[in-house]
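Colleague: can't give you the sequence, but here's the structure:
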């Protein structure tokens with residue numbers, strides 16, 4: 001899952017793990033990986049964003 005986070009939010013690694021837990025374990029009962037769109041490798045970012053499905 002790709003997420004966008006405001007720079008001033010102070011989003012940390014622990015926040016990312018929390019999002020992964022809520023989405024994966026609690027909501028979907030499936031493993032979920034969460035990445036910030038702005039931290040993706042430029043070599044794959046364009047393709048991933050192009051193929052992404054916006055959910056909200």
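Modeller: Great, that's in hand. The shown structure was predicted, so the numbers you read here are calculated from the model rather than taken from an experiment.
Colleague: so how far is the longest helix belonging to the chain from its chain's centroid?
Modeller: Looking across the chain with DSSP state H, the single longest helix is helix 42-51. Chain-centre distance of helix 42-51: 14 Å, with Cα atoms, centre = their mean, to the nearest Å.
Colleague: same deal with stretch 4-23?
Modeller: Taking mean C-alpha positions (Cα atoms, centre = their mean), stretch 4-23 and its chain are 8 Å apart.
Colleague: hmm, back to that, which residues touch the longest helix of the chain?
Modeller: For helix 42-51, the external contacting residues (Cβ atoms under 8 Å, 6 or more residues apart in numbering) are 2, 37, 40. Where you see a C-beta, it was placed from the backbone N, CA and C, and this is true even at glycine.
Colleague: Disregarding flanking residues, what is the spatial nearest neighbour of the second one?
Modeller: Spatially, and ignoring its direct neighbours in sequence, residue 37 is nearest to residue 2 (4.7 Å; Cβ to Cβ, 6 or more residues apart in numbering).
Colleague: List the contacts of the one you found.
Modeller: Listed by Cβ under 8 Å, 6+ apart, the contact set of residue 2 reads 34, 35, 36, 37, 40, 48, 49, 52.
Colleague: Many thanks, have a good one.
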